[in-house]
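> Sharing a model that was predicted from the sequence below.
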Amino acid sequence: MTFLFRRSPDQQFPYRMAPNQHSPRRPGCFTWSQTAAAAAIAIVTVMAVLPQAQASESVGEQQRRDIPAGKRNVILMVSDGMGPQSVDMARAFRKWQTGTESVLYLDGHLIGQSRTRSSNSPITDSAAGATAFSCGKKTYNGAIAVLPDHTPCGTVLEGAKAAGYKTGLVATTRITDATPAVFAAHANSRSYEDLIAEQEIGEHHPLGRQLDLLLGGGRCHFLPGSNGGCRDDNKDIIKLAKSKGFSYVGDRRGFDGLKGGAAAKLPLLGLFADNNIPFEIDRRYQNNVYPSLEEMTRTALKALSDATRDSNQGFFIMIEGSRIDHAGHGNDPAAQVHEVVAFDRAFAAVLEFLEQGSTPGILISTSDHETGGLSAGRARPNILNSTSHSAEYLGEVLENHGGDRTIARQLVEEGLGIHDASDREIDSVVRNGEKGFAELISQRAQVGWSTGGHTAVNVNIYASSREDASALIGTHENTEIGTFLAKYLRVDLNAITKRLEGIRTTPRRRAISDSSWMGKPLSAEELEELKHRHGNYTTKA
């Protein structure tokens, strides 16, 4: 009896799959001293790569180059939930796979770090963290391009659109999720994904349609419940998008029909999963169903580049490696390492595009926050490599089989590559499902986690050109990334904000119902919950 997706004979993988090389079980014990040591090593590593990280602001000003005049392209990549330890673990994973000293494409482009706190918490969520990138402003956890006083803030994407740029979003999660949402929508809560879906196609957005291209998951928020969706109303947003001129693709066949972007007709809406696109560790077995982040990235860049060939302006796009964060929430090191490597491939694709293109441009890449409190100083990459599927996938299979103990052991052997699991370990898997699988692989790989939520760890900043992004060398507030993007695009975010100010949701202005365009403001109790939860959806024993 087999439950796992298998590779077809002609399916190609970029990395070899090694046979099981597990040694006898070793306890995965992690003390605060070990965690501190790992953190110290990470800090030393970063400082070694960033010799100018302590440069003063005046020196930073002297290093800044003039922004190129005329047409330019701006690409922002967001590695949601990826902290420095995630990169270290991925590098060790690649080194073990190749058998050589291996670096990531990211490694050659590290220029600084970002401080991530939100306006109401030292630990941000993705909504507030990404709003810092889109608006250059701090806001409360849960806010989608809305400030603490419930007023909308103009985004770099909206500014780019107003200036004549083409615009796009790519994500491996729902395209209505927090990070992509903050660039083209305004909502008092990240939970208002039905509203966000409408704004992303220009419905009820005060500035009209802001996006020329959307690629990702989240089909369910574009369809009514009566038609396989998860909307609370009967609106068919895909049908509405088509009526507004969007071309739509909803499966792998449609994606392939875009011919790498050469056959794309803008505006384009591409939704390839009802919810999130599967973790890369699982998606690779379903390549005929779901496009990869690299494929979507290359397609988006080609489509936007072709669309601006004869224009005086280029394009702005945000590309998110969304599910690094989800793997951190689930404390799943195997899923996370594959997500980071997949993000690195997409990063390389953008570098290639910029190097080969004739239009000047820049790539800035960073994370909104770190997730999981990862400590990977003693990680054993051979064990992660022997894992064929995510804990999420294995947990779903086990649940579908009623938590059967025999099935659980088979999944541990085939899915995790562990053939010497004790009865106690199998009991934990049966009892805890997804969490049990994640804990088992973490223990065997000697990877530690301190939380199922986010942390306040500083996150890395990368750039295609150190000289062009010299203003971001060193350590910065996350809002400085947003202001840098606005300056590079030569757009005035204050002017965009003023255009939005006529319609807002706040008691101090004219009465607006709860069905207003940004949704009902959150209560003090709801804000307090978001302040403390910061994405921790797990229950730790």
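Happy to help now that I have it.
> what sits against the nearest residue to residue 121 once chain neighbours are set aside?
In space, and not counting its chain neighbours, residue 121 is closest to residue 531: 4.6 Å by CB to CB, 6 or more residues apart in numbering. C-beta coordinates here come from the backbone N, C-alpha and C atoms, glycine included. Residues near residue 531 by CB atoms under 8 Å, 6 or more residues apart in numbering: 120, 121, 140, 141.
> Tell me where the model's unsure across the protein.
By pLDDT under 70, the low-scoring segments of the chain are 1-66, 503-515, 533-541.
> Nearest to the middle of the protein, which residue? Look it up for me.
Here the mean C-alpha position of the chain is nearest to the C-alpha of residue 322 (CA atoms, centre = their mean), at a distance of 2.4 Å.
> which one is that one nearest to, not counting chain neighbours?
Residue 322 sits nearest to residue 173 (CB to CB, 6+ apart), 3.5 Å away.
> any idea how far residue 521 is from the residue nearest to residue 121?
Separation of residue 531 from residue 521 (CB to CB, to the nearest Å) stands at 15 Å.
> Among the contacts of residue 531, which pair sits farthest apart?
121 and 140 (8.0 Å; CB to CB).
> Overlap of the contact sets of these two?
Shared contacts of residue 121 and residue 140, defined by CB under 8 Å, 6+ apart, comprise 128, 531.
> the more surrounded of these two?
residue 140 (24 against 20; other CB atoms under 10 Å).
> Enumerate every residue touching that one.
Contacts here follow CB under 8 Å, 6+ apart; on that basis residue 140 touches 118, 119, 120, 121, 128, 148, 527, 530, 531.
> now do 7 Å
Contacts for residue 140 (CB atoms under 7 Å, 6 or more residues apart in numbering) come out as 118, 119, 120, 128, 148, 527.
> quick one, phi/psi of the second one?
Think residue 119. phi -70, psi -20 (degrees, to the nearest 10).
> Could you check how far the residue nearest to residue 330 when sequence neighbours are not counted is from residue 408?
In space, residue 330 comes closest to residue 438 once its chain neighbours are excluded; the distance is 5.4 Å by CB to CB, 6+ apart. Noted for residue 438: a distance of 14 Å to residue 408, by CB to CB.
> Equivalent analysis for residue 109, please.
Here residue 109 is placed at a distance of 43 Å from residue 408 (CB to CB).
> One more: residue 182?
Spatial separation of residue 182 from residue 408 under the definition CB to CB is 40 Å.
> Of these two, which one has the most company?
Each of residue 182 and residue 408 has its neighbours counted (other CB under 10 Å); residue 182 has more, 32 against 25.
> where exactly do the helices run in the stretch 251-400 of the chain?
Using DSSP state H, counting those that start in this stretch, the helices assigned to the stretch 251-400 of the chain run over residues 252-256, 280-283, 293-307, 323-329, 333-356, 381-385, 391-400.
> Regarding the residue nearest to residue 330, what is its secondary structure?
The three-state assignment at residue 438 reads helix, by DSSP: H, G, I helix; E, B strand; the rest coil.
> Against residue 214, how distant is it?
When CB to CB is applied, the distance between residue 438 and residue 214 equals 31 Å.
> Which strand or helix spans the closest residue to residue 366 other than its chain neighbours?
Distance criterion CB to CB, 6+ apart; nearest residue to residue 366, sequence neighbours excluded, is residue 461 at 4.7 Å. In this assignment (DSSP states H and E), residue 461 forms part of strand 459-463.
> Might you report the residue contacts of the residue nearest to the centre of the chain?
Under the criterion of CB under 7 Å, 6+ apart, the contact list for residue 322 reads 80, 171, 172, 173, 177, 179.
> can you do 8 Å?
Neighbour list for residue 322: 80, 171, 172, 173, 177, 179, 216, 276 [criterion: CB under 8 Å, 6+ apart].
> quick one: which of the residues you listed is most hemmed in?
Counting neighbours by other CB under 10 Å, residue 172 leads the contacts of residue 322 with 34 neighbours.
> My reading is that the residue nearest to residue 121 lies in a strand. Confirm?
No. For residue 531, which was evaluated using three-state DSSP, the result is helix, with no strand membership.
> Touching, the residue nearest to residue 322 and residue 279? I think so.
No. In terms of CB atoms under 8 Å, residue 173 does not count as a neighbour of residue 279; the distance is 10.9 Å.
> how close does the nearest residue to residue 458 once chain neighbours are set aside sit to residue 347?
Once its chain neighbours are removed from consideration, residue 458 has its nearest residue in residue 113; the separation is 4.3 Å (CB to CB, 6+ apart). For residue 113, the distance to residue 347 equals 17 Å [CB to CB].
> Equivalent analysis for residue 107, please.
As defined by CB to CB, residue 107 lies at a distance of 10 Å from residue 347.
> Mind checking which of these two has more residues around it?
Between residue 107 and residue 347, counted using other CB under 10 Å, residue 347 has the larger neighbour count: 26 against 13.
> which ones are touching the spatially closest residue to that one that is not a sequence neighbour?
What sits nearest to residue 347 in space, not counting adjacent residues and going by CB to CB, 6+ apart, is residue 105, at 5.3 Å. Contacts of residue 105 were listed using CB under 8 Å, 6+ apart, and they are 344, 345, 347, 348, 351.
> ranking these by neighbours, who comes first?
Ranked by the number of neighbours (other CB under 10 Å), those place residue 347 first, at 26 neighbours.
> quick one: that one and residue 364 touch, right?
No. Residue 347 is not in contact with residue 364 according to CB under 8 Å; the separation is 11.1 Å.
> can I get the helices of the stretch 251-400 of the chain in CSV with distance to residue 100?
Formatted as CSV, those follow (distance: least, CB to CB, whole Å):
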stretch, distance to residue 100
helix 252-256, 34
helix 280-283, 22
helix 293-307, 22
helix 323-329, 25
helix 333-356, 15
helix 381-385, 13
helix 391-400, 29
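> returning to what we had before: centre of the chain to the helix or strand following the strand holding residue 461, how far?
Counting by DSSP H and E, the next helix or strand C-terminal to strand 459-463 is strand 474-477. Between the centre of strand 474-477 and the centre of its chain there are 21 Å (CA atoms, centre = their mean, to the nearest Å).
> same deal with stretch 452-463?
The mean C-alpha position of stretch 452-463 is separated from the chain mean by 12 Å, CA atoms, centre = their mean.
> How about stretch 162-181?
Between the mean C-alpha location of stretch 162-181 and the chain-wide mean there is a distance of 11 Å, by CA atoms, centre = their mean.
> buried sites along it?
Buried residues in stretch 162-181, counting neighbours by 16 or more other CB atoms under 10 Å, are found at 162, 165-181.
> How far does it stretch from one end to the other?
The first residue of stretch 162-181 is 18 Å away from its last residue (CA to CA, to the nearest Å).
> Deepest-packed of the helices of the stretch 251-400 of the chain, please.
Highest mean neighbour count of the helices of the stretch 251-400 of the chain: helix 323-329, a mean of 29 (counted as mean count of other CB atoms under 10 Å).
> Name the residues that touch that one?
Contacts of helix 323-329 from elsewhere in the structure, counted by CB under 8 Å, 6+ apart, are 79-82, 86, 126, 172-173, 276-277, 279-280, 333, 335-336, 339-340, 343, 367, 370-372, 374, 390, 392, 449, 452-453, 535-538.
> Cheers, nothing more for now.
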